Structure formats: structure tokens, C-alpha cells
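Trainee: The following block contains a protein sequence and its predicted model.
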Amino acid sequence: MISKETLFALSLFPYLGFLWFIKRSQQMPRLALYGFYGTLVFVGVTIPVGIYAQVHYGKSLANVDWLHGGAEVFLTLSNILIVLGFRQAVMRGSRE
């Protein structure tokens, strides 16, 4: 049986491929592209914060509210950038 940690680590490869493809295609709105890269930052922040929660509090990250909320800020900011990027592209497209 594959552990969820292994599955999580393996899921980064398709996401990195996705980032490579959208960057190379040059079709993605720049702000949205930054948002998708921000999701990778969220993952990078969540891993050490999750380890800290486990070592310092003996709990998973989801059970330490202030750490969990702090990590989720990165995901929220990424999602905002994605939405604003696509909104900007739609607004430009409707003017043409």
C-alpha cells in the first residue's frame, strides 16, 4: 500500500509538468501563472509547517489552527491571483 505522503510527493511531478506546459504555451494570463506558481509555494510552506506541528505539538497540521491558517494564507493568495488573472483576460477579450 502506498502511503499518503508518498502519493503527495508523487503528485508534484504532474503539477510541475502542468506548470512547464502552461509557461511554455504562453497562453496563460501572467497573473494566473503567478497564482499557479504560488500554489507550489503553498506546498513548499505546508511541508515544513506540518513537520513542525507534528514535532512541536504532536498533532497534524490540520489540528493546530494558527499554523494551519497561516499555511492556508498562501493557498488563498494563489487562488486570488488565478481568479484575477483569468478575470483580466476575460475583460480584455470582451473589449476586442
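Mentor: Yep, that arrived.

Trainee: which regions of the protein lie under the pLDDT threshold?
Mentor: Counting by pLDDT under 70, the chain shows low-confidence ranges at 96.

Trainee: can you give me the helices for it?
Mentor: Counting by DSSP state H, the chain has helices at residues 4-25, 30-52, 65-95.

Trainee: Throw those into JSON lines and include mean neighbour count and distance to K59, thanks.
Mentor: C-betas here are computed from N, CA, C, even on glycine. As requested, the helices of the chain are exported to JSON lines (neighbours: other CB atoms under 10 Å; distance: least, CB to CB, whole Å):
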{"stretch": "helix 4-25", "mean neighbour count": "11", "distance to K59": "16"}
{"stretch": "helix 30-52", "mean neighbour count": "16", "distance to K59": "10"}
{"stretch": "helix 65-95", "mean neighbour count": "14", "distance to K59": "9"}
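
Trainee: Need those helices in JSON lines (columns: distance to G58).
Mentor: Listed next are those as JSON lines, based on distance: least, CB to CB, whole Å:
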{"stretch": "helix 4-25", "distance to G58": "17"}
{"stretch": "helix 30-52", "distance to G58": "11"}
{"stretch": "helix 65-95", "distance to G58": "13"}
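
Trainee: Could you report the distance from F18 to Q54?
Mentor: F18 sits 29 Å away from Q54, going by CB to CB, to the nearest Å.

Trainee: Ok, F86 next?
Mentor: As judged by CB to CB, F86 and Q54 stand 36 Å apart.

Trainee: Find the residue at the geometric middle of the chain.
Mentor: T39 (1.5 Å; CA atoms, centre = their mean).

Trainee: Next up, the contacts around it.
Mentor: Going by CB atoms under 8 Å, 6 or more residues apart in numbering, T39 touches 15, 75, 78.
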